[in-house]
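1. What shape does this take:
(2 chains)
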Amino acid sequence: MSEAFGFIVSALSLGSMYALMALGLVLIYGILKLVNFAYGELIMVAGYTLYLLNGSPLPWLVMGFCAILAAIVASVLTEYIAFRPIRDKSLTAMLITSFAVSTLFQNAALLLISPRSRVVPLPDIFSQSIAVGNVLIQMRDIMAVVVTFVLLGALTLLLNRTVLGIALRAAADNMRMTRMLGVPANLLISMAFAISGLLAGTVALFWLGRTASVTPGIGLEPLIVAFVATVLGGLNSLVGAVVGGYVLALMTVGINTFLPQDLVDYRQAFTFALVILVLLFRPEGLISSKIGTGNRP
Amino acid sequence: MNTGSFHSLRGSLPTAALLLVILGIIYTATEIIGSPVLGQFVIRMYIYLILVVGLQIFMGNSNILWFPHVAFMGIGAYVSSICSMEPFQKSISLTSLYPILADIHLPFLPALLVGALAAAIVAAILGLPLMRLSDFPVVITSFALLIILHVVMTNWHSLTNGPQTFFGVDQFTDLKTAAIWAAIVVVVACVFRESKVGLQLRASRDDSISAGAIGIDLIKVRWIALVLSAFIAGLGGGLFAHFITSFTPKAFFLTETFVILAMLVIGGPATVSGAVIGTILVTVIYQSLRWVENTLNIHQVFSGNVAGLTDTGLSLILIAMLILRPGGFLERRELSPGVPAAWLTRKRPAGASLTPQVSATQEQELK
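-> Take a look at the predicted model:
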């Protein structure tokens, strides 16, 4: 009984991180049709911000906010410098740009900081755990779930009740029409990248919490996770992205728990084979409920 | 041989000839100078050239962002090395190799071709279902395919020695071999671009609906290009393996993908000349940056080791290029002896194909 509870908590906490990552990716994809390969590097940026602030007299909460802020700034700047100039020219060029930006971030970290992993400061509460029955539950798992729920709630309010949110949803549905109705496209896209950065920065705190260290290549795994969750959940649906995140986490925890060890090495290959199969039979993703209504162009 | 293929031969001849002259000049100059360092550098450039031109055949003509290319290169590298390695060396390098494969010992050329064929077969099987996708699904599935092949290469200990170094490959690739293969691949790519399938593929790249309406089988033409492109990737992998002699699966992953993509995109993915010029240009820049990095490290200019300078530089150049000229240096027109004259008189050269014009009018419409 309590083992099942532990299973659920770890799937939920992993799923929360996956869901936020997928959400940030889908938000950008919906508006720009851009698969942002540089998205995982936002986690790296947040991680190195924490590392650089290590030893400063600031309380950890302030450092955490700085890290999230750094991810937001990196996200918005990337859009402003790299994506905006070629946005209207070619989609393939924009994809390659995002791949180049990802490489740039990773190698800049190699060059300016170090190829080796660096320790990031974490609050004490991250290493504490509470006992439920005979199972230890990590406090940071609970915090990840709570923070995610709060963020998702806030985002739902934003998207449903504010002008910005409605404009974002409209743009995801039909960007050209939204522009014609007088919504400033540049501002809207910047806001989307800012929200995407906020989500990645928040995930970063919990992602780094697992190993307490950051490396230049740390962004690849969360990026892959976001891809898979996005595909599972449906590419055009924000709700789908969240659902996809949780489903993927459930699968991952399940595989780790039940699959024999020598097959676990191939886990990534299995998940990706699944992704390809899903995309072959349902190119719109498993859940294709749309954010808005109507057809896309 | 029908008239179509004769036409494709004639149409591609001036470009191919000009590119061969460029490659020939580089080869002759390297032979005359005779410096081993330069020789290594040029061999590396020819191998990159084979890979990039191979990628151009599929990605350039179909406009699909294609990631698994270097994984096919990896298949070629591993398979050709296993085929060409002496049985005694295999017992040292690959302790858990399957007994059936342990006694195989082919000369270099057949081994190279078997490696290329293996890559082509894998691409033919895995790629076929992907060919009907587009947009987001094709980007993700092609990225997924790269990851899958990388995971398999990293974990198939019996064949690849797992994540550890695969060593003991004989160094068969010399300057002449690399140059000859590069020349062959360039000619193949030029002929393919002007061939019936190549024209159909480019037509469907520029307007898939119209292409479908005139009866072009999109999946088939994409698939043919993919298989050819993977065969060349496998060939490049085999040459790479027999040049570098020891490698890990990491040599066939994201870093290498990035370098090859950068070469193609900076040069111009839509043209073979673009792929060639891009490769030469980027190899020179890349190796110069690497030289700077090594020099800094040898002389201990900074306290720690400098790493990542090469790729930082290359990604900055690539981003700048994409902003300024997203189509690359040679965006639409192939280099050919007639081109400068055509630019002056503003007429299409006789050898030019129909598709560039189609895409030009389309672009005007879009604006």
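
2. Quick one: neighbours of whichever residue of the stretch 51-200 of chain A sits closest to chain B, just the number.
-> Scanning the stretch 51-200 of chain A for the residue nearest chain B gives residue A:110, at 3.0 Å (criterion: Cβ to the nearest Cβ). For the C-beta atoms, the positions are set from N, CA and C on the backbone; glycine is no exception. As a burial measure, residue A:110 scores 21 neighbours (other Cβ atoms under 10 Å in any protein chain shown).

3. was I right about it contacting residue A:216?
-> Yes - counting by Cβ atoms under 8 Å, residue A:110 touches residue A:216, with 4.9 Å between them.

4. Now the common contact residues for the two.
-> residue B:308 (Cβ atoms under 8 Å, 6 or more residues apart in numbering or on different chains).

5. So which residues of chain A form helices?
-> Listed in chain order, the helices of chain A (DSSP state H) span A:2-32, A:41-53, A:60-78, A:91-112, A:139-161, A:163-173, A:175-180, A:185-211, A:220-233, A:238-258, A:261-264, A:267-281.

6. same thing with the stretch 101-250 of chain B?
-> B:108-127, B:135-155, B:157-160, B:175-194, B:196-206, B:208-213, B:218-244 (DSSP state H, counting those that start in this stretch).

7. Give me the helices and strands touching the longest one, please.
-> So the one you mean is helix B:218-244. helix B:36-55, helix B:61-62, helix B:69-84, helix B:108-127, helix B:175-194, helix B:196-206, helix B:208-213 (3 or more Cβ pairs under 8 Å, 6 or more residues apart in numbering or on different chains; DSSP states H and E).

8. State the mean pLDDT of the second one.
-> Predicted confidence along helix B:61-62 averages 92 (mean pLDDT).

9. Equivalent analysis for stretch B:106-123, please.
-> For stretch B:106-123, the per-residue pLDDT averages 96.

10. Over to stretch B:157-175?
-> Here the average pLDDT along stretch B:157-175 is 91.

11. What residues of that stretch count as buried?
-> With burial defined by 16 or more other Cβ atoms under 10 Å in any protein chain shown, the residues of stretch B:157-175 counted as buried are B:159, B:160, B:161, B:162, B:166, B:168, B:169, B:172, B:173, B:175.

12. Check the residues you listed and tell me the two furthest apart.
-> B:162 and B:175 (32.5 Å; Cβ to Cβ).

13. before we move on, back to that, okay if I get the helices and strands packed on helix B:218-244 as a markdown table plus distance to residue A:185?
-> Putting these into a markdown table (distance: least, Cβ to Cβ, whole Å) gives the following:
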| stretch | distance to residue A:185 |
| --- | --- |
| helix B:36-55 | 33 |
| helix B:61-62 | 30 |
| helix B:69-84 | 34 |
| helix B:108-127 | 37 |
| helix B:175-194 | 37 |
| helix B:196-206 | 26 |
| helix B:208-213 | 27 |
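
14. Tell me which of those helices sits nearest to chain A.
-> helix B:108-127 (8.6 Å).

15. Okay, now the unreliable bits of the chain?
-> All of this is about chain A. A:1-2, A:287-297 (pLDDT under 70).

16. looking at chain B here, not the other one
-> Looking at chain B by pLDDT under 70, you get B:1-8, B:338-367.

17. So which residue is smack in the middle of it?
-> residue B:51 (2.1 Å; Cα atoms, centre = their mean).

18. most distant residue from the middle of chain B?
-> residue B:303 (37.5 Å).

19. What's the separation between that one and residue A:106?
-> 22 Å (Cβ to Cβ, to the nearest Å).

20. Get me the contact residues on the stretch 151-297 of chain A for chain B.
-> A:216, A:220, A:224, A:227, A:230-231, A:235, A:265-266, A:268-269, A:272-273, A:275-276, A:279-280, A:283 (Cβ under 8 Å from any Cβ of the partner chain).

21. do that again at 6 Å, thanks
-> A:227, A:235, A:265, A:266, A:268, A:269, A:272, A:275, A:276, A:279, A:280, A:283 (Cβ under 6 Å from any Cβ of the partner chain).

22. quick one, what contacts the fourth one?
-> Taking Cβ atoms under 6 Å, 6 or more residues apart in numbering or on different chains as the criterion, residue A:266 is in contact with residue B:155.

23. What does it show for phi and psi?
-> With angles defined as degrees, to the nearest 10, residue A:266 sits at phi -90, psi 10.

24. Could you find the closest non-adjacent residue to residue A:140?
-> residue A:126 (4.4 Å; Cβ to Cβ, 6 or more residues apart in numbering or on different chains).

25. Hmm, the one you found is touching residue A:211, no?
-> No - checked against Cβ atoms under 6 Å, the pair residue A:126 and residue A:211 is beyond contact range at 11.3 Å.

26. higher neighbour count, these two?
-> Between residue A:126 and residue A:211, counted using other Cβ under 10 Å, residue A:126 has the larger neighbour count: 19 against 13.

27. which ones are touching residue 225?
-> I'll assume chain A. Counted by Cβ under 6 Å, 6+ apart, residue A:225 has contacts A:18, A:21.

28. actually chain B
-> Residue B:225 touches B:57, B:58, B:61, B:201, counting by Cβ under 6 Å, 6+ apart.

29. any idea how far it lies from residue A:241?
-> Residue B:225 is 33 Å from residue A:241, by Cβ to Cβ.

30. Over to residue B:194?
-> Taken as Cβ to Cβ, the span from residue B:194 to residue A:241 is 44 Å.
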